[in-house]
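1. I'll drop the sequence and a predicted model, then ask my questions.
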Amino acid sequence: MNKLIGLFFIMVSLPLSADFDNKCSVLITLRFQSNDDAYKDAISKIEQCQKNDIISVTSFLEKAVSKIYITDIIQSYCMFNHEIISIIDEKTSNLSCVHRGKKRSERKLD
């Protein structure tokens, strides 16, 4: 019985690893030197992130454009049962959420 109680206390005292320790940072900015689409690059970076990573997106685009991009990322890649923080501003917009692991499938409206 003492061994069972001792084993219980050892298991309870072991450090628990958090599921949300890794951060996946993404930057969306206007590119003057190239014709590459910054949003496509951001999506490519997000797709390299792992499930339960914290997606942290910073956008330096216009407010209206940032709002569309951030909304699309939320709908496609963020878990809805965890906190989602988004700040849409004139100069800088930010998003933080938990990555769901894969992109949600899009509905085809026929």
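-> Received it, and whenever you're ready, just let me know what you need.
2. same for the helix or strand harbouring Gln75, what does it pack against?
-> Of the helices and strands defined by DSSP states H and E, Gln75 is found in helix 63-77. Applying 3 or more Cβ pairs under 8 Å, 6 or more residues apart in numbering; DSSP states H and E, we find helix 63-77 packed against helix 38-48, strand 54-59, strand 93-98. C-beta: built from backbone N, CA, C; applies to glycine.
3. and of those, who's closest to Asp21?
-> Closest approach to Asp21 among those is made by strand 54-59 (8.5 Å; Cβ to Cβ).
4. Sort out which residues of the closest one are buried, please.
-> Neighbour-count burial for strand 54-59 flags 54-55, 57-59 (criterion: 16 or more other Cβ atoms under 10 Å).
5. Next: stretch 88-98.
-> So stretch 88-98, judged by 16+ other Cβ under 10 Å, has buried residues 93, 95-98.
6. buried residues in the helix or strand following the helix holding Gln75?
-> For helix 63-77, the following helix or strand on the C-terminal side (DSSP H and E) is strand 85-87. Neighbour counts over strand 85-87 (16+ other Cβ under 10 Å) mark Ser86 as buried.
7. which one of the helices and strands packed on helix 63-77 lies closest to Asp72?
-> The nearest among these, by Cβ to Cβ, is helix 38-48 at 8.4 Å.
8. Specify the local secondary structure of Arg107.
-> The assignment at Arg107 comes out as coil when based on DSSP: H, G, I helix; E, B strand; the rest coil.
9. where does it sit relative to Glu62, distance-wise?
-> To Glu62, Arg107 is 28 Å away according to Cβ to Cβ, to the nearest Å.
10. Specify which residue of the two has the higher count of neighbours.
-> Glu62 (13 against 6; other Cβ atoms under 10 Å).
11. where's the more buried one relative to Lys45, distance?
-> Distance from Glu62 to Lys45, by Cβ to Cβ: 21 Å.
12. Check Asp21 too.
-> 19 Å.
13. And Asn94, by the same measure?
-> The value you get for Asn94 to Lys45, if Cβ to Cβ is used, is 16 Å.
14. Any stretches of the chain with poor pLDDT?
-> 1-20, 31-36, 110 (pLDDT under 70).
15. give me that answer again for 50
-> The model of the chain has pLDDT under 50 over residues 6-9, 11-12, 14-17.
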